[in-house]
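1. output the structure for:
(chains A and B)
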Amino acid sequence: MADTGKDMLLYWGSGSSPCWRVMIVLEEKGLSDCEKKLISFSDKGHKSDEILKLNPRGQVPTFKCGDLIINESFAACLYLEDTYKSQGPPLIPSEPARKANVLQRMFEVPSFTKKAMEDLLYLYMFKKPEELDQEKMKKGKAALKEELAMWEGYLVKAGGTYLDGGGFTMADAFFFPTLAFLVRNGLKLGPTFPKLAAYYDAVSKRPSVQKSWPPHFKESEGKQHLADVL
Amino acid sequence: MAFATAGRSMKLYWGSGSAPCWRVMAVLEEKGLGKYDSKLISFDKNETKSEEIMKLNPRGEVPTFVIGEIVINESLATCLYLEDTYKSSGVQLIPSDCPKKAQVLQRTFEAPGFMKKGLEDLGYLYMEGDVNEEEMKEKKASLKAELALWEGYLKAAGGDYLTGQDFTMADCIFFPVLAVMVRLGLALRPTFPELGKYYETVSKRPSIMKTWPPHWKGTEGKKWLNNVC
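-> Model (predicted):
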């Protein structure tokens, strides 16, 4: 009998890419009955006593698996894939060349996330418009465009819908949430990056991604901060 | 032997003093794959952007790692690939037992945040000469708070290593970063005695001694981080 997520608990915030990664993997591994507690970032829910007891860093995702606590999204995803390997699709292929490709793409995601979030979107989100250094923002957008070009190239090279070709893998679970956040903030992938545009459409429709789509994305329009990047 | 042969068809491009490169080298040693080809590049001469490396790694970075036809360029990807592919060879770096596996993975993936606070946001800026001491104050306080967390982890684990008595992937990923910070002047004692003991213990581990950055031997490090703790 398959294992379920009934002894699991995930604290998460809507729109958080690290949380979304874990939720996608839970769905893919058939662990969707994991208990989920949604916190509000604006109410500083991630700094509650309940979370700090489990995660001294006061961050989400904070994830409890029975008695085990795993709070880094990469750690949680890898733990789930390894422990529930036989459930759902294999998210990390066992064939060496494909395994290497998937692992490589997974760990390139932080470089992508840095250029997308830290160097660009967080500045728009957390600074006042008059505090923004426009030259810096211009450079940030150019760097993001270059980074996206690399990922467009990876999709071309993989020769299928997903980052590893025909199959959805952990690389997509890691990469897609940040890409979706950029699209939410005005990034228009087509016509400059047709493979990424098709990728975005295809992955958006995947059941695990649909089920874990950030609720507030459905309730409101995003901003247009990145409308002029491509 | 299968894995010794595999070790000889591997090639690592690396730079002395690079924590990510050191992680891969430590894992190779621990897995008994120490007989790999290596090419030491010079950061000063900007050799990470050489044609040879760019062809294998369009990001122009090290570690760049080749196994036969396969190329893997992110240190964490490479370390996980090696551990998974050569699981039964050498030391098992990620335990199979669920609670220990969870703890090792957790500490492994906290290490990048530690590297960001101590090197990307601090040490590397000193290296680039791009330093405003007022800004550095806040970052140094942030690093000190982060070190306090790791001190706590060591105390709670109650053994020689991050997760207890066994040397694991967590130590492979964390220690090189700590060692680079010590090289840049970080003084762990007396504020962080557990970290001080940890640093000394792991420094003596054969895989770590073998892969110690060559240009550190017999030369002084910097003093940039000596007022952090």
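2. okay, B:M181: pLDDT?
-> In this prediction, B:M181 carries a pLDDT score of 98.
3. and A:I24, how close does it get to B:R205?
-> A:I24 sits 38 Å away from B:R205, going by C-beta to C-beta, to the nearest Å. All C-beta spots, glycine's among them, are computed from the backbone N, C-alpha and C.
4. compare those two and say which one has the larger neighbour count.
-> Using other C-beta atoms under 10 Å in any protein chain shown, the more surrounded residue of A:I24 and B:R205 is A:I24, with 25 against 18.
5. got the phi and psi for the more buried one?
-> phi -60, psi -50 (degrees, to the nearest 10).
6. so it sits against A:W213, correct?
-> No: judged on C-beta atoms under 8 Å, A:I24 makes no contact with A:W213 at a distance of 10.1 Å.
7. tell me the spacing between B:E134 and B:P58.
-> Taking C-beta to C-beta as the criterion, B:E134 is separated from B:P58 by 37 Å.
8. who has more neighbours, these two?
-> Under the neighbour definition other C-beta under 10 Å, B:E134 and B:P58 were set side by side, and B:P58 has more, 12 against 7.
9. dump the residue contacts of the more buried one.
-> Residues counted as contacts of B:P58 (C-beta atoms under 8 Å, 6 or more residues apart in numbering or on different chains) are A:M150.
10. all the strands of the chain, residue numbers only.
-> Looking at chain A here, since you left the chain open. A:8-13, A:35-39, A:62-65, A:68-69 (DSSP state E).
11. that answer is for a different chain, and I need it for chain B
-> Along chain B, counting by DSSP E, strands occupy B:10-15, B:37-41, B:64-67, B:70-72.
12. got a list of contacts for the last one?
-> Spelled out, that is strand B:70-72. For strand B:70-72, contacts defined as C-beta under 8 Å, 6+ apart pick out A:P96, A:A97, A:A100, A:L103, A:Q104, B:L56, B:N57, B:T64, B:F65, B:T78, B:Y81.
13. tell me the strands beside it, with direction?
-> When pairing is defined by DSSP bridges, strand B:70-72 lines up against strand B:64-67 (antiparallel).
14. show me how chain B divides into domains.
-> What the TED database lists as the domains of chain B is B:10-86, B:99-216.
15. could you list the low-pLDDT ranges of chain A?
-> Flagging of chain A using pLDDT under 70 yields the residue ranges A:1-2.
16. let me see the domain layout of it.
-> Residue ranges for the domains of chain A, per the TED database: A:8-84, A:96-219.
17. out of those, indicate the one that is most buried.
-> Of all the domains of chain A, domain A:8-84 has the most neighbours on average by mean count of other C-beta atoms under 10 Å in any protein chain shown, namely a mean of 19.
18. where's it relative to the chain centroid, distance-wise?
-> In terms of C-alpha atoms, centre = their mean, to the nearest Å, the centre of domain A:8-84 is found 13 Å from the chain centre.
19. with stretch B:166-175 instead?
-> That offset, for stretch B:166-175, works out to 9 Å (C-alpha atoms, centre = their mean).
20. how about stretch B:182-191?
-> How far stretch B:182-191 lies from its chain's middle: 17 Å, per C-alpha atoms, centre = their mean.
21. go on, stretch A:154-174?
-> From the chain centre to the centre of stretch A:154-174 is a distance of 15 Å (C-alpha atoms, centre = their mean).
22. among the strands of chain B, which is nearest B:K197?
-> For B:K197, the closest of the strands of chain B is strand B:10-15, at 28.4 Å, according to C-beta to C-beta.
23. for that closest one, packing partners?
-> Contacts defined by 3 or more C-beta pairs under 8 Å, 6 or more residues apart in numbering or on different chains; DSSP states H and E place strand B:10-15 against helix B:19-30, strand B:37-41, helix B:51-56, strand B:64-67.
24. picking up where we left off before, dump the strands of chain A into a markdown table; add distance to chain B as well.
-> Putting those into a markdown table (distance: least, C-beta to the nearest C-beta, whole Å) gives the following:
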| stretch | distance to chain B |
| --- | --- |
| strand A:8-13 | 12 |
| strand A:35-39 | 18 |
| strand A:62-65 | 7 |
| strand A:68-69 | 4 |
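25. out of these, which is closest to A:K29?
-> Nearest to A:K29 among the strands of chain A is strand A:8-13 (10.6 Å), distances taken as C-beta to C-beta.
26. show me which residues of chain B sit near chain A.
-> Contact residues (C-beta under 8 Å from any C-beta of the partner chain) of chain B with chain A: B:58-59, B:67, B:69-78, B:80-81, B:84-85, B:98-99, B:101-103, B:105-106, B:108-110, B:112, B:149.
27. many thanks, have a good one.
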